[in-house]
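J.: here is my input, please return the structure:
(one chain, ligands or ions: 2)
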Amino acid sequence: PLVSMREMLNTAKEQSYAVGQFNLNNLEFTQAILQAAEEEKSPVILGVSEGAAKYMGGFYAVVDLVKSLMNAYKVTVPVAIHLDHGSSFEKCVEAIHAGFTSVMIDGSHHPLEENIALTKKVVDVAHTVGVSVEAELGRIGGQEDDIVVEDAEAAYAIPSECDELVRETKVDCFAPALGSVHGAYKGEPNLGFDRMEEVSHLTGVPLVLHGGTGIPTHDIKRAISLGTAKINVNTENQFSAANTVRKVLDENPDLYDPRKYLGPAREAIKATVVDKMREFGSSNKA
Ligand code: G3H
Ligand code: ZN
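T.: Residues are numbered from 1 along each chain as shown. Ligands and ions are numbered 1, 2, ... in the order given. Take a look at the predicted model:
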């Protein structure tokens, strides 16, 4: 069924595993992620950035597609459709109207008090209709869609500010930027685990780790042990899909039927998602 992230993440935190947020980019991503979740008997969060929604035909098109595929595949596991890095109150409301069950309001580029006010406004609307909300503090480096954060701008979240934001806004989960990066890492990631532990302890809510691509398993396990219950992955699935398409077309220069190169790409995405679900510990938890 389509559900919010609230129960999913509270249960995951209690039982020390994390639910993956896998981002949608097109039809094949949506199919692959839903198939992986159902086969693994894993709860799943479908992340939809504003750019990806636009590419796919808008928020309504995304919700209709997800619902249709869930029917076609007879999906029984809990699925959340989540607006990733929502840029404004208006965009969050638009997504909720279209049937999203969860939204992230990313006010991380605003000063603390403005971020709190904006997040609170979104929570007030979302919670009246049972939609969950994620907020962010600090700045996650790298690039996702149109959001580019230079190395110098990337900033670790401050625990006392995280506590204030979560307490005042009543968000369901929270993403403190602690050194993770969107896209590939230059070298090994350097995550702020001491702060992660402190933020988890102070706020009590399930924590979210953005930039899941390229984080080694020992860091994933450590983050989960410190209260991380949601891990976002996008680029790694994009790598899997692109590498597969390149290989198939290289090996078969006469091939032109999209089903013959996007079909294998879909299988590659699915395999990557299955691996992540096992690594995050969410398999057989639905
Ligand atoms: O919000 C989405 C993510 O944080 C994905 O990050 O593309 O580095 O896996 P990634
Ligand atoms: Zn992110």
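
J.: Glu39: neighbour count?
T.: 15 (other C-beta atoms under 10 Å). No exception for glycine: its C-beta is placed from N, CA and C like everyone else's.

J.: where exactly do the strands run in this protein?
T.: 19-23, 44-49, 79-86, 102-105, 132-137, 141-144, 147-149, 173-176, 181-182, 207-209, 228-233 (DSSP state E).

J.: what's stretch 180-193 in contact with?
T.: Stretch 180-193 is contacted from outside by 140-144, 147, 149, 154, 156, 178-179, 209-216, 219, 222-223, 226, 234-235, using C-beta atoms under 8 Å, 6 or more residues apart in numbering.

J.: narrow those to those in helices?
T.: Mapping those onto helices (DSSP state H) picks out 219, 222-223, 235.

J.: Throw the residues you listed into JSON lines and include neighbour count and distance to ligand 1, thanks.
T.: Listed next are the ones in helices among the contacts of stretch 180-193 as JSON lines, based on neighbours: other C-beta atoms under 10 Å; distance: C-beta to the nearest ligand atom, whole Å:
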{"residue": "Asp219", "neighbour count": "17", "distance to ligand 1": "13"}
{"residue": "Arg222", "neighbour count": "16", "distance to ligand 1": "18"}
{"residue": "Ala223", "neighbour count": "25", "distance to ligand 1": "13"}
{"residue": "Thr235", "neighbour count": "20", "distance to ligand 1": "3"}
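
J.: thinking again about what came up before, and the strands of the chain: which comes nearest ligand 1?
T.: strand 228-233 (3.5 Å; C-beta to the nearest ligand atom).

J.: what sits up against that closest one?
T.: Contacts of strand 228-233 (C-beta under 8 Å, 6+ apart): 5, 9-10, 12-13, 17-23, 45, 47, 84, 134, 173, 196, 200, 206-213, 215, 220, 223, 273, 276, 280.

J.: same check, this time on stretch 113-129
T.: Here stretch 113-129 has contacts from 86, 89, 92-93, 96, 103, 105, 107-108, 110, 132-133, 135, 137, 164-165, 168-171, using C-beta under 8 Å, 6+ apart.
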